[in-house]
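J.: I would like the atomic coordinates for the input below:
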Amino acid sequence: MTKEGYVHDPTEQEQAVDASPTVVIEQGQQSYKDTDKRKLKAFVQAAEKLRGEKDQKLQSCITTVDSLLKEEMNPIVW
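T.: Model (predicted):
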């Protein structure tokens with residue numbers, strides 16, 4: 001699984017027509033190797049353990065954003 005496989009570099013015609021990135025969509029539908037599937041499954045399981053109050057960064061972010069909203073600011077979170 002490489003990043004290069006998912007880069008969409010449209011042609012001049014695609015840029016003018018506002019076409020869907022069909023190559024990216026088709027590549028995203030390809031089957032993953034078993035090793036990649038295992039890695040993704042392990043990643044999902046690790047991420048699920050961080051849900052809710054266990055995610056200290058998220059809790060800190062919520063506190064900070066709440067404070068900024070009370071000050072009538074418009075924070076951007078990514």
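J.: quick one, helices of this structure?
T.: Here the chain has its helices, by DSSP state H, at 12-17, 22-28, 34-48, 56-70.
J.: mind giving me the packing neighbours of the third one?
T.: Looking back up the chat, that one is helix 34-48. Secondary structure elements in contact with helix 34-48, counted by 3 or more C-beta pairs under 8 Å, 6 or more residues apart in numbering; DSSP states H and E, are absent; no helix or strand qualifies. Any C-beta I mention is one placed from the backbone N, CA and C, and that applies to glycine too.
J.: circling back to that earlier point, any chance of JSON lines for the helices of the chain, columns mean neighbour count and distance to Val77?
T.: Putting the helices of the chain into JSON lines (neighbours: other C-beta atoms under 10 Å; distance: least, C-beta to C-beta, whole Å) gives the following:
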{"stretch": "helix 12-17", "mean neighbour count": "10", "distance to Val77": "31"}
{"stretch": "helix 22-28", "mean neighbour count": "12", "distance to Val77": "26"}
{"stretch": "helix 34-48", "mean neighbour count": "10", "distance to Val77": "18"}
{"stretch": "helix 56-70", "mean neighbour count": "11", "distance to Val77": "6"}
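J.: now the weakest link among these, please, by mean pLDDT.
T.: With a mean of 60, helix 12-17 has the lowest mean pLDDT of these.
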